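[1] any chance you can model this:
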Amino acid sequence: MPDHVARVAGLRKTFQVPDGPFRKREVTAVDNVDFTLERGETVGLVGESGSGKSTVGRLLLGLLPPTGGEIVVLGRDIAALPARQMRSLRRDIQIVFQNPHTSLHPRMSLGRAMAEPLLIQGGFSRSEIRRRISTMIDIIGLPEIFLGRYPHELSGGQKQRLCIARALMLNPKILVLDEPTSALDVSVQAQILEFLRSLRAEFGLTYLFISHNLAVVQAMCSRILVMYRGQIVESGETRQILTDPQHAYTRRLLSATLEPTPDARLPVLLDSG
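    Residues are numbered from 1 along each chain as shown. Below is the predicted model:
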């Protein structure tokens with residue numbers, strides 16, 4: 001029997017949006033979504049902007065209440081959990097957001113940013129907080145002198161490493177990675193992806209990897225869920241999805257992926273004479 005750490009069944013989420021000065025209309029962002037996450041795997045959730053994939057991630061974390069359906073994380077139905085138990089569950093499931101530049105408070109030192117999850121959860125001594133920060137700053141490859149610095153003093157890649165480290169401070173079992181490299185330069189993206197792979201192996205993490213970039217998903221994920229207009233229209237092993245897509249939308253996504261063409265000549269835009 002598969003070792004599920006999370007199970008989503010019949011998940012729905014609707015929003016009320018303005019429709020004129022005095023009316024609202026209902027918009028369905030997520031519609032009857034089913035999937036599981038198995039321990040230690042990386043599942044890619046792909047789709048274009050507005051497909052509902054980030055909403056699914058926030059529902060899984062309990063940051064948004066579902067309109068319908070069931071979300072079970074580590075054997076607990078999060079929709080039925082009282083606030084205190086939901087707070088406890090947050091130790092086990094964390095998120096890394098898309099933009100590291102806006103994920104960090106500009107006036108909060110890096111040491112304080114790393115300590116914040118432990119301070120919010122409570123129950124940690126000062127010595128334990130210092131020990132965890134020291135261990136994690138070493139894992140992400142930054143010198144301890146950086147703990148007194150502020151976000152504007154770091155590069156984009158260093159900031160995202162810090163955001164990942166902060167998400168790991170409570171020793172979670174599941175990480176939701178919401179476009180974690182899309183705001184970074186291509187060379188830095190490769191470094192962050194390799195870092196995430198090493199962390200998964202070291203800590204036995206399970207990833208839900210949300211992205212629109214099929215090349216990144218191919219490099220990271222063993223399984224793919226393709227999302228279109230709030231629904232999962234295709235799912236399967238990564239190789240199968242990318243080599244033999246069954247749904248028309250998946251084929252459109254693949255056809256829209258740019259292939260490198262090193263021998264292509266750039267057009268001459270200006271006359272050199």
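[2] so where's the stretch 151-273 of the chain uncertain?
    257-273 (pLDDT under 70).
[3] got the residue ranges for the strands in it?
    174-178, 206-211, 223-228, 231-237 (DSSP state E, counting those that start in this stretch).
[4] need the CA coordinates for the third one. PDB is fine.
    Going back to what we said before, that points to strand 223-228. Extracted as PDB, the C-alpha positions of strand 223-228 are listed here (Å, rounded to 0.1, in the frame of the first residue of the first chain):
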ATOM      1  CA  ARG A 223       5.300  12.400 -11.300                       C
ATOM      2  CA  ILE A 224       3.400  15.300 -13.000                       C
ATOM      3  CA  LEU A 225      -0.100  16.600 -12.500                       C
ATOM      4  CA  VAL A 226      -1.300  18.900 -15.300                       C
ATOM      5  CA  MET A 227      -3.800  21.500 -14.300                       C
ATOM      6  CA  TYR A 228      -6.100  23.500 -16.600                       C
END
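[5] orientation of that strand relative to strand 206-211 in degrees?
    Here the directions of strand 223-228 and strand 206-211 differ by 40 degrees (axes from the mean of the first three to the mean of the last three Cα atoms, to 10 degrees).
[6] need the contact partners of strand 223-228.
    Strand 223-228 has contacts (Cβ atoms under 8 Å, 6 or more residues apart in numbering) with 33, 35, 41-48, 51-53, 56, 217, 232-238, 241-242, 247, 249-250, 253. The way it works is simple: take the backbone N, C-alpha and C, and place the C-beta from them, glycine included.
[7] what does the second one give?
    With contacts defined as Cβ under 8 Å, 6+ apart, strand 206-211 is touched by 5-6, 37-46, 53-54, 56-57, 60, 173-180, 182, 196, 200, 216-217, 220-221.
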